[in-house]
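Engineer: Pasted the sequence and its predicted model underneath.
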Amino acid sequence: MRDGMKHATWSVLFGLLLIVLGALLLLKRVLGLEFDFGDVVAVAGALFLIVLGVYLLVRRRGPDVHDRAMEKMFGNLDISDPQIGPAGLDLGLLIGDMRIDLSRARFADVEHRLRAHTVIGDIRIIVPAGLPVRAEGHSLIGNLQLLGKTSDGFGNRLVYEAEGYAAARRKLSIHADLVLGDIKITRAEG
């Protein structure tokens, strides 16, 4: 078994284990009638385990090869004008907001890939004017706005593809997913 597949398998198994453990602890505490400070701590711990388990499951669904990757547990990611090579950029965040400004980034004559994923938070991406873009967004609960196309509510999936994208030599493919929050992809003015 390749190392990447072995890592992915263990991440999925560990993620599922954390989700089940957290759900069991939460059910035990919620169905009981007595609550004290220890119960509150236990419920918070159970929720943390569930969120961590979900994060481990959703953080790496795409290809495992990227020019650059950045992962962070908590806080915000604010990235301006990164250089994205052909293998792409992979950004992951457990809880927090992401802002990625590609408005002045330079792109070679190939398809570039950007993957952004978070569990709780918002993802905002600004793409250059005139660059052909294909964008796919997934959200369990939240709003999606992908270059003029919108969807909101529960279990959202939205795809936008610029006219002429398939034939373009220089282009950008974006995959953004989250559990709770909003995804907004816009074009830079110009």
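Structural biologist: The structure has been received and is ready for your questions. Every value quoted in this text rests on a predicted model; they were computed, and no experiment measured them. Residues are numbered from 1 along each chain as shown.
Engineer: How is the chain partitioned into domains?
Structural biologist: Dividing the chain into domains by automatic domain parsing, as the record does, gives the ranges 3-58, 68-187.
Engineer: taking those domains together, which one is wrapped up most tightly?
Structural biologist: Stretch with highest mean neighbour count among those: domain 68-187 (a mean of 18; mean count of other C-beta atoms under 10 Å). For glycine as for every other residue, the C-beta is placed from the backbone atoms N, C-alpha and C.
Engineer: where does the spatially most central residue of the chain land on pLDDT?
Structural biologist: Among the residues of the chain, His117 comes closest to the average C-alpha position under C-alpha atoms, centre = their mean, at 1.1 Å. The pLDDT attached to His117 in the predicted structure is 90.
Engineer: Just list whatever residues bridge to it.
Structural biologist: Beta-bridge partners recorded for His117 (DSSP bridges): Gly92, Asp177.
Engineer: And it, how close does it get to Ala108?
Structural biologist: For His117, the distance to Ala108 (C-beta to C-beta, to the nearest Å) stands at 24 Å.
Engineer: in the protein, which spans are helices?
Structural biologist: With DSSP state H, the ranges of helices along the chain come out as 3-31, 37-58.
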